[in-house]
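Visitor: I would like to see how this sequence folds:
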Amino acid sequence: MGGLPPSGKGYRYKDREAEADGVLRLRLKAGSARSKLLLKGKNNSKKGMTALPTGITAALEGETSAAIEWLTHDAQCFRVELNDVRKNTSTLFQARP
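Guide: This is a model prediction of the structure:
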């Protein structure tokens, strides 16, 4: 988006068929005070989407937080704690840091 960082705004990936491990949308947005990572995945077996592991949202049901770890190709690891849970059911888990 707008060229490579630091002058650009970040990266965007979109795959309507979710062929890359169930990832529909990925957006990395750079910021001086705060950066963002937005990730949306889907596992719709009716449409033949079976790449995502099943049962993740059911396993998170009732949890008050979760953590996401992002590994780069050169083995750097980034971690974010999601403590602001917005929705938490057996079919949807939505949270923010």
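Visitor: The residue positioned nearest the centre of the chain: what's its closest spatial neighbour, skipping adjacent residues?
Guide: Ranked by distance to the mean C-alpha position of the chain (CA atoms, centre = their mean), the top residue is Leu39 at 2.7 Å. In this structure, Leu39 finds its nearest non-sequential neighbour in Leu26, 5.5 Å apart by CB to CB, 6 or more residues apart in numbering. (Each C-beta comes from the backbone N, C-alpha and C, glycine too.)
Visitor: re earlier: and the residue nearest to the centre of the chain, what's its pLDDT?
Guide: The predicted local confidence for Leu39 comes out at a pLDDT of 74.
Visitor: now swap in the one 5 residues further on and tell me
Guide: In the predicted model, Asn44 carries a pLDDT score of 64.
Visitor: same deal with the one 10 residues further on?
Guide: According to the prediction, Thr54 has pLDDT 62.
Visitor: again, but for Ala20
Guide: Ala20 is assigned 65 on the pLDDT scale.
Visitor: how's the protein carved up into domains?
Guide: 1-44, 54-97 (automatic domain parsing).
Visitor: Give the rounded mean pLDDT of stretch 79-92.
Guide: If you average the pLDDT over stretch 79-92, you get 85.
Visitor: Equivalent analysis for stretch 60-76, please.
Guide: In this model, stretch 60-76 carries a mean pLDDT of 83.
Visitor: Span of that stretch from start to end?
Guide: 26 Å (CA to CA, to the nearest Å).
Visitor: so the nearest residue in space to Glu61 that is not next to it in sequence is in which element?
Guide: The spatial neighbour of Glu61 that comes closest, neighbours along the chain excluded (CB to CB, 6+ apart), is Ser90 at 5.0 Å. In this assignment (DSSP states H and E), Ser90 forms part of neither any helix nor any strand.
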